[in-house]
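Chemist: need a structure here:
(one chain, ligands or ions: 1)
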Amino acid sequence: MEGSFTSKNYQRFSTSPMDQKFLSPKLFTPESFAPYGTVVQPQENGPMVVANGGTAKKYLGVSESENNYKKSSTPSSKATWNFFSTKPSVFPADEESPAFQIRVLERHPYTTQTFIPLCRDAQESSYLVAVAPDAPDGLPDWDRVETFVAKGCQGVTYAASVWHAPMVTIGKETMLVAFNFENGVDDDDCQVQAAPSPLDVYVKRD
Ligand SMILES: NC(=O)N[C@@H](O)C(=O)O
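Modeler: This next block holds a predicted model:
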């Protein structure tokens, strides 16, 4: 999809959405995302202490980081912080126009990966999260892809080896900090699978 567009002149991928599979993102909640990882946000009734000289509420243990590289052929690994400055891939459209097509999923077999958005409004739909369980052969189960829309106040931690879409940001250029472990061996750090056919995702306006 080249150039900027609005939902009015958005290129349609089909004559009618009903004659093809499309994904309608769910609310991004700890419960709905639990099979795939963690929504990084203060947990309702989660442990919290007053800190920073009484000026801050410190919500404890809001995510996990896992390093399983000791099981890989190159066990030495390092904790890695990266900064993503992402151009928007999705512009909220109406339900008649697919806003995004999932063409690949990736996974990090030996590590969790966390993304924390910066400079987005707290309740603004900021990025699309797309995940899939393993099929029996260990590749993505393309018939069970699930999508969620994350707000500017929510981070995401993909559990180790969970199939997920590369970062897909909504509406405007978005900065995110990412944390994971790496050992520098491409196939250990990131495995990518192309979808048999692109999956349309409809992202409604806020
Ligand atoms: N494709 C891509 O950039 N994936 C990121 O999650 C990464 O840096 O691994």
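Chemist: Report how many residues lie close to the closest residue to A159 other than its chain neighbours.
Modeler: Of all residues not flanking A159 in the chain, G37 sits nearest, at 4.2 Å (Cβ to Cβ, 6 or more residues apart in numbering). All C-beta spots, glycine's among them, are computed from the backbone N, C-alpha and C. G37: 22 surrounding residues under other Cβ atoms under 10 Å.
Chemist: Identify the residues contacting G37.
Modeler: G37 makes contact with 112, 131, 156-159, 162, according to Cβ atoms under 8 Å, 6 or more residues apart in numbering.
Chemist: From the ligand, how far off is H164?
Modeler: Using Cβ to the nearest ligand atom, to the nearest Å, one gets 8 Å for the distance from H164 to the ligand.
Chemist: check contacts around that residue.
Modeler: Counting by Cβ under 8 Å, 6+ apart, H164 touches 36, 105-107, 129-132, 158.
Chemist: Please report the distance of T174 from the ligand.
Modeler: Distance of T174 to the ligand, given as Cβ to the nearest ligand atom: 14 Å.
Chemist: Hmm, that residue is touching E124, no?
Modeler: No - using Cβ atoms under 8 Å, T174 is not in contact with E124, being 9.8 Å away.
Chemist: Disregarding residues adjacent in the polypeptide, which is nearest to the residue of the chain found nearest the ligand?
Modeler: The ligand sits closest to P166 of the chain, with a gap of 3.8 Å, by Cβ to the nearest ligand atom. Of all residues not flanking P166 in the chain, E106 sits nearest, at 6.1 Å (Cβ to Cβ, 6+ apart).
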